[in-house]
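Colleague: Got a predicted structure plus its sequence, pasted below:
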Amino acid sequence: MATPTFIFFCGGKPVQTRVGAVYPPMLKKMVEEMVTHGEECRIASSDWKYDITGYG
């Protein structure tokens, strides 16, 4: 009844998304790549700052 969604974030920004059925080996590989390259991504990313205005 529901569609699974996997979103990987780096520095608060989505960097990889998979929607729908994902085979476990594929998901495992995606997680391993994010863990392996996560520090590089963190260093290369800037902070994601945002202001929500116009409400209340």
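Modeller: Arrived safely. A quick note: this is a predicted structure, and the numbers were derived from the prediction, not measured.
Colleague: roughly how far apart are the residue nearest the centre of the chain and Pro24?
Modeller: By Cα atoms, centre = their mean, the chain has its centre lying nearest to Phe8, at 1.7 Å. Per Cβ to Cβ, to the nearest Å, Phe8 is found 16 Å from Pro24. All C-beta atoms are positioned from the backbone trio N, CA, C, and that covers glycine.
Colleague: Which parts of the chain are strands?
Modeller: 5-10, 13-19 (DSSP state E).
Colleague: Just name the most buried of the ones you listed.
Modeller: strand 5-10 (a mean of 13; mean count of other Cβ atoms under 10 Å).
Colleague: Quick check: neighbours of that one in the sheet, parallel or antiparallel?
Modeller: Strand pairing for strand 5-10, using DSSP bridges, gives strand 13-19 (antiparallel).
Colleague: Kindly export the partner strand (C-alpha atoms) in PDB.
Modeller: Extracted C-alpha coordinates of strand 13-19, given in PDB (Å, rounded to 0.1, in the frame of the first residue of the first chain):
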ATOM      1  CA  LYS A  13      20.900  18.400   1.400                       C
ATOM      2  CA  PRO A  14      19.500  15.300  -0.300                       C
ATOM      3  CA  VAL A  15      22.200  13.800  -2.500                       C
ATOM      4  CA  GLN A  16      20.700  10.500  -3.500                       C
ATOM      5  CA  THR A  17      17.100   9.200  -3.700                       C
ATOM      6  CA  ARG A  18      15.500   5.900  -4.500                       C
ATOM      7  CA  VAL A  19      11.700   5.500  -4.700                       C
END
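Colleague: neighbouring contacts of that strand?
Modeller: 3-9, 26-27, 30, 34, 41, 45, 48 (Cβ atoms under 8 Å, 6 or more residues apart in numbering).
Colleague: switch the cut-off to 6 Å
Modeller: Residues outside strand 13-19 that contact it (Cβ atoms under 6 Å, 6 or more residues apart in numbering): Thr5, Phe6, Ile7, Phe8, Trp48.
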